[in-house]
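**Student:** Please work out how this folds:
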Amino acid sequence: MGNASSERARPLILNVNDSEGTRYMVTLMLRRAGFEVLEAESGEAALESIAKHQPSVVVLDVKLPGISGLDVCRQVRLAPPPRPLKILHTSATYVDVEAKIQSLDNGADGYLMQPFEPEELVATVRSLLRLNDAEQALHGKADELREADRRKDELLAMLAHELRNPLAAMNTALPLLERREPFDHVELRARGVLHRQMRHLGRLVDDLLDVARVTQGKIELRHDDVELDALLRRVADNAAQTELRPREQLLRVELPPERVLVHGDATRLEQIFTNLLDNASKYSDRGDTISLSLRREDGPAGPVARILVCDEGIGMSPETLPRIFELFSQAAVPIDRSRGGLGIGLTLVRTLVQLHGGTIVARSPGLGFGSELEVSLPALVDPAWQAPVDGASGASGATQPRRRVLLVEDSPDLQEMLTILLEVWGHEVLSASEGTSGVEQALAHTPDVALVDLGLPGIDGYEVARRIRSDPRGKSLKLVAITGYGSPEQRTKVMEAGFDLHLVKPVTIDDLAAALGAAPATGS
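**Tutor:** Residues are numbered from 1 along each chain as shown. Next comes the predicted model:
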C-alpha cells in the first residue's frame, strides 16, 4: 500500500519521440533518476496522453510525423491543462540558434540538443519541476488573495449599507431639533457640530460604498459637457463654509476669465475636488492657506485642464508619495487620529480621475513643507456650448399641500423620526414595519406617496412595489424607494420593480421635500 502511494507521488514525465532507440534511452535515463515515465511516438498520441494523464513535464522531440513538436507545443499553450505543465524540446536535426529561438517562441520552456548526457537531461527536468512547484504555490496564493479581496469588497459594501440606517435616522432628527431658536450659544454651537459631523460621516459612508464599487469595477459615469470653472467655484464656496471656516483656514481660488469645458460626470467631478480640498484642509494647521487653481493648456493630444490643490500642511515623506493613492494608505497620522480618515479618499479620487481620461500626481518637498495634488483632464474646444440653467431646488416641505404618506420602514428610529418630520410638515402619515402590511395599507388607504425601504423583513421592497403595481388601486400611487444602495444596477432594478424614484440614505431634507412635492395631492 505504501509503495503504491509512493509510486503515484513521483513526478510523471511524458517522453515523446518517433525514434524507438532514442525514446528507449531517454526513458531509461529518467527512470534511473526516479521519475515515472510514459511514452508516445507521435504528436497526436502526445496530445491524447497530456489530456488523459496530465504529466508534469513533456520531453518532446521537435521533428515528429504528423503533428510536429512545435505544433504540439502551440496547441498545449492555446488550451493549457488544469495543472502546470513544462515542455522540454529536444532535437538532433535542428541544432542552430534560430531553431532554438523558434522552439521557445512557440511555448517551450527549455531546449536540449542531442546527444545529451543523462546528468544534463535529469538536471533540466528537475529545474522545470521546481518551476512547476513555484507556479502552483503562486496560483494558490493568488486564489487566496482573490478570495480575501472579494470578502473585503463585500465587507465594505455591507458596512456602508448598514451605516446608512442610523445615519438616516440622525439626519432626519436634526430638523426637528431646529424648529425653535437655540436656547443659548452652547446649543447653537452643538447644533453646528452635529451638522458638520453628520455631513462628514455621510461623506465617509459614501466613500466606503464608492470604493467598494471601484474595486469591483461597478462605477459608471453619466457624461455631459461640464463648465469646470463654475463647478470648481461651487466646490470652493462649499468647502470654505463647511471645512475651512471651522479650522480658520483661508482658501485662495484662481480661475481663468474664460470658460474651461470638460466632458464628464458633474457629480463625480465635484466629488473629486471636494475630496481633494477636504484632504488639504484635514492635513493643514489652523490658520493655514489652501489654494485651488485652474488653467487651460494646449497639449500634444489636445487641450488639457490642469487643476492644482496646494496646502501648507504636514507634507509627505519620499516613502509615502509612491503609495499615497493605494487603498487604506495615509500620510503620517498622529496617535489621536485628529487628521486621519479611512485612507480611501485618494484611492477613489484617482479612479474617478482615470475614468474621466485624466491623471493625478502628488508632490511634496517633504514632511512639514506641505503638499500639492495636480489633476489633468481632457478639455473641450467647443466655444458654442451653453451651460444648462439650474432649476429651483430645495422646496420647503413645510409649505406643500397636505398629503397622505405611507412609510414602510423596519428601522424603528428612522420610522419614528420620519413620521414626526412629515407630520410637522402637515402630512398625514401611515406606517408599516414589514413588506406585507405595507402592501395591505397601500391598497386599503390609497396614500398619495409611499416611501418604501428595500431591505424589509418578510417580502422586500421590490416585491412590495410589484404587488402594489399589480393591483388597480396601486397604479397611480407614487412609489419612492429609500435604500442604502445607490449603484446604477440598483437604480435600474428599482425602476424595473415599479418605483417612480430612488433615494439613497441618508435622504436630504430637500430631496425628501422634492419627492413629496412631485406627487399629486388629493387633499386627504
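
**Student:** Torsion angles phi and psi at the nearest residue to residue 469 once chain neighbours are set aside?
**Tutor:** Distances taken as Cβ to Cβ, 6 or more residues apart in numbering put residue 498 closest to residue 469, at 3.9 Å, once the chain neighbours are dropped. Just so you know, the C-beta spots here come from the backbone N, C-alpha and C atoms, and that holds for glycine as well. Phi and psi for residue 498, reported as degrees, to the nearest 10, are phi 120, psi 0.

**Student:** From residue 491, how far out is residue 498?
**Tutor:** Note on residue 498: its distance to residue 491, by Cβ to Cβ, to the nearest Å, is 13 Å.

**Student:** Residue 467 is in contact with the residue nearest to residue 469, correct?
**Tutor:** No - at 9.2 Å, residue 498 does not count as touching residue 467 under the criterion of Cβ atoms under 8 Å.

**Student:** Which neighbouring elements make contact with the longest helix that the chain contains?
**Tutor:** Residue-count comparison of every helix in the chain, with assignments taken from DSSP state H, identifies helix 118-177 as the longest. Secondary-structure packing of helix 118-177 (3 or more Cβ pairs under 8 Å, 6 or more residues apart in numbering; DSSP states H and E): helix 20-32, strand 57-61, strand 86-91, strand 110-113, helix 185-215, helix 412-424.

**Student:** Can you list the low-confidence ranges for the stretch 351-500 of the chain?
**Tutor:** For the stretch 351-500 of the chain, the stretches with pLDDT under 70 are 382-399, 486-488.

**Student:** Residue 380: how many residues sit nearby?
**Tutor:** Residue neighbour count, defined by other Cβ atoms under 10 Å, stands at 20 for residue 380.

**Student:** so what's residue 283 closest to, chain neighbours aside?
**Tutor:** With sequence-adjacent residues excluded and distances taken as Cβ to Cβ, 6+ apart, residue 283 is closest to residue 313, at 4.1 Å.

**Student:** and residue 406, that one's in a helix?
**Tutor:** No - under DSSP: H, G, I helix; E, B strand; the rest coil, residue 406 sits outside any helix and is assigned strand.

**Student:** tell me which residues form a beta bridge with it?
**Tutor:** residue 430, residue 450 (DSSP bridges).

**Student:** how far away is it from residue 360?
**Tutor:** Using Cβ to Cβ, residue 406 is found at 46 Å from residue 360.

**Student:** again, but for residue 42
**Tutor:** 58 Å.

**Student:** Same check on residue 302?
**Tutor:** With the distance defined as Cβ to Cβ, residue 302 ends up 19 Å from residue 360.

**Student:** More neighbours: which of the two?
**Tutor:** Set side by side, residue 302 and residue 360 show unequal neighbour counts under other Cβ under 10 Å, the larger going to residue 360 at 21 against 10.

**Student:** so which strand or helix has the more buried one?
**Tutor:** Residue 360 is located in strand 359-363, with elements delineated by DSSP states H and E.

**Student:** can you list contacts of that strand?
**Tutor:** Strand 359-363 is contacted from outside by 316, 321, 324-325, 346, 349-350, 353, 371-376, using Cβ atoms under 8 Å, 6 or more residues apart in numbering.

**Student:** Show me the strands in the stretch 401-524 of the chain, by range?
**Tutor:** Taking DSSP state E, counting those that start in this stretch as the criterion, the stretch 401-524 of the chain contains strands spanning 404-408, 428-432, 449-453, 478-483, 501-504.

**Student:** out of the ones you listed, deepest packed?
**Tutor:** Comparing those by mean neighbour count (mean count of other Cβ atoms under 10 Å), strand 449-453 ranks first with a mean of 27.

**Student:** Can you name every helix or strand that it contacts?
**Tutor:** Counting by 3+ Cβ pairs under 8 Å, 6+ apart, the elements that strand 449-453 packs against turn out to be strand 404-408, helix 435-445, helix 461-469, strand 478-483, helix 509-517.

**Student:** what's near enough to touch the closest residue to residue 366 other than its chain neighbours?
**Tutor:** Beyond its immediate neighbours in the sequence, the residue positioned closest to residue 366 (Cβ to Cβ, 6+ apart) is residue 315, lying 5.7 Å away. Shown here is residue 315, whose contacts under the criterion Cβ under 8 Å, 6+ apart are 331, 364, 365, 366, 367, 368, 369, 370, 371.

**Student:** tell me which element residue 315 falls in.
**Tutor:** Counting by DSSP H and E, residue 315 is found in no helix or strand.

**Student:** ok, residue 13 touching residue 35?
**Tutor:** Yes - under the criterion of Cβ under 8 Å, residue 13 is in contact with residue 35, at a separation of 4.8 Å.

**Student:** Run a quick neighbour tally on residue 287.
**Tutor:** Neighbour number of residue 287 under other Cβ under 10 Å is 10.

**Student:** What does it show for phi and psi?
**Tutor:** In this entry, residue 287 is assigned phi and psi values of phi 90, psi -10 (degrees, to the nearest 10).

**Student:** Look up the closest residue to it, ignoring the ones flanking it.
**Tutor:** Beyond its immediate neighbours in the sequence, the residue positioned closest to residue 287 (Cβ to Cβ, 6+ apart) is residue 248, lying 5.3 Å away.

**Student:** Low-confidence regions, the stretch 151-300 of the chain specifically.
**Tutor:** Low-confidence regions of the stretch 151-300 of the chain, defined here as pLDDT under 70, cover residues 153, 156-157, 160-161, 200, 207-219.

**Student:** redo that, cut-off 50
**Tutor:** Across the stretch 151-300 of the chain, nothing is flagged by pLDDT under 50.

**Student:** partner residues bridging residue 501?
**Tutor:** With beta bridges defined as DSSP bridges, residue 501 has these partners: residue 480.

**Student:** contacting residues around it?
**Tutor:** Per Cβ under 8 Å, 6+ apart, neighbours of residue 501: 478, 479, 480, 481, 515, 518.

**Student:** please redo it, this time with the cut-off set to 7 Å
**Tutor:** Applying Cβ atoms under 7 Å, 6 or more residues apart in numbering, we find residue 501 in contact with 480, 481, 515.

**Student:** Against residue 480, how distant is it?
**Tutor:** The spacing between residue 501 and residue 480, counted by Cβ to Cβ, is 5 Å.

**Student:** So residue 13 and residue 35 - more neighbours on which side?
**Tutor:** In terms of neighbours (other Cβ under 10 Å), residue 13 is the more surrounded of residue 13 and residue 35; the figures are 25 against 21.

**Student:** CA atoms only for the helix or strand the more buried one falls within, dumped as PDB, please.
**Tutor:** For residue 13, the host element (DSSP H and E) is strand 12-16. Taking C-alpha atoms only, strand 12-16 is exported to PDB below (Å, rounded to 0.1, in the frame of the first residue of the first chain):
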ATOM      1  CA  LEU A  12       5.200  12.000 -14.100                       C
ATOM      2  CA  ILE A  13       7.200  12.600 -17.300                       C
ATOM      3  CA  LEU A  14       5.900  12.100 -20.800                       C
ATOM      4  CA  ASN A  15       8.700  11.100 -23.300                       C
ATOM      5  CA  VAL A  16       7.700  11.800 -26.900                       C
END
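
**Student:** now for it, which elements pack on it?
**Tutor:** If you count contacts as 3 or more Cβ pairs under 7 Å, 6 or more residues apart in numbering; DSSP states H and E, strand 12-16 packs onto helix 20-32, strand 36-40, helix 43-53, strand 57-61.
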